[in-house]
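> sequence first, predicted model second:
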Amino acid sequence: MNMKGWILLGTGIVLAGCSSEGEAGPPSHTGYVTEIDGDRMLVVEEEPEDYSDTGGLETFYDAIWFEGTPEELLPGDFVHVWAEGAIAESYPGQGTAERASIIQPEEYSGAELDEQQALELALEETADDDASTHYAVEDVTFEEGLWTVTLYDSIAQRSIEWEFEE
C-alpha cells in the first residue's frame with residue numbers, strides 16, 4: 001500500500017473512533033427533575049434503595065445536581081442523563097451532564113394535564129421549604145378529575161401527598 005493509502009486508512013480509523021453518534025450507551029442516571037437552579041437540575045432517581053441491612057436508611061433516593069441543563073427542561077420532567085466525568089459523592093451528588101433526554105410524560109385519560117404538569121404543580125408547593133430538603137417522586141395518579149401526587153421528603157423521611165382537581 002502506498003503512503004496515500006496508509007494516510008486515508010489512518011484518517012478513516014481516527015474518524016470512526018471519534019464518532020459517538022448512536023453509540024453513547026445507556027444513560028448513567030434516570031429520574032425526575034425536582035428542582036432547577038440556573039443551569040443546574042436536580043435529578044432524583046425513580047426507585048429508592050434500601051440500606052437498612054447495613055444500618056442505613058430504609059428509603060434512600062439517590063439525587064444528583066447536574067450542570068448543563070437543557071433550556072426546555074421543566075420541573076417534573078422524567079429524564080435520562082449521560083454524565084460527563086466524575087460525580088461528587090456528597091448528597092446530593094454533583095456532576096456535569098454531557099446530555100439529557102426528556103422522556104415524554106404519561107398522559108391520563110380524561111385529564112387536561114399530563115404527568116409532568118401535575119408534578120410541577122406539586123413541586124411548586126414545596127418551593128418555600130427548607131433548601132436542604134429534596135423531594136423524590138413516589139407516585140402520581142389521576143382518577144375521576146382528581147390528581148394525587150405523593151412526594152418523599154428526604155430529610156424528614158416521610159411521604160407527603162398533594163391532591164388537586166383539574
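Ah, there it is.

> residue boundaries of the strands in this structure?
29-37, 40-45, 63-67, 78-88, 93-103, 135-143, 146-153, 158-165 (DSSP state E).

> distance from the chain centre to the fourth one, please.
Average the C-alpha atoms of strand 78-88, do the same for its chain, and the two points are 9 Å apart (C-alpha atoms, centre = their mean, to the nearest Å).

> ok, that strand: who's next to it in the sheet?
Using DSSP bridges, the strands paired with strand 78-88 are strand 29-37 (antiparallel), strand 93-103 (antiparallel).

> and if you look at the last one?
When pairing is defined by DSSP bridges, strand 158-165 lines up against strand 146-153 (antiparallel).

> re earlier: I'd like the strands paired with strand 78-88 written out as JSON lines, with distance to Glu71, mean neighbour count and mean pLDDT added.
All C-beta atoms are positioned from the backbone trio N, CA, C, and that covers glycine. JSON lines is the format used below for these (distance: least, C-beta to C-beta, whole Å; neighbours: other C-beta atoms under 10 Å; pLDDT from 0 to 100):
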{"stretch": "strand 29-37", "distance to Glu71": "10", "mean neighbour count": "20", "mean pLDDT": "96"}
{"stretch": "strand 93-103", "distance to Glu71": "11", "mean neighbour count": "17", "mean pLDDT": "96"}
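
> returning to that earlier point: make CSV out of the strands of the chain and add distance to Glu124.
Output for the strands of the chain, formatted as CSV (distance: least, C-beta to C-beta, whole Å):
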stretch, distance to Glu124
strand 29-37, 11
strand 40-45, 15
strand 63-67, 19
strand 78-88, 17
strand 93-103, 19
strand 135-143, 12
strand 146-153, 11
strand 158-165, 10
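
> so which of these is nearest Ser109?
Nearest to Ser109, of all these, is strand 135-143, at 8.2 Å by C-beta to C-beta.

> buried sites along that closest one?
Neighbour counts over strand 135-143 (16 or more other C-beta atoms under 10 Å) mark Tyr135, Ala136, Val137, Glu138, Val140, Phe142 as buried.

> kindly reformat those as a markdown table containing distance to Ala86 and pLDDT.
Converted to a markdown table, the buried residues of strand 135-143 look like this (distance: C-beta to C-beta, whole Å; pLDDT from 0 to 100):
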| residue | distance to Ala86 | pLDDT |
| --- | --- | --- |
| Tyr135 | 25 | 95 |
| Ala136 | 23 | 97 |
| Val137 | 26 | 97 |
| Glu138 | 29 | 97 |
| Val140 | 32 | 96 |
| Phe142 | 39 | 97 |
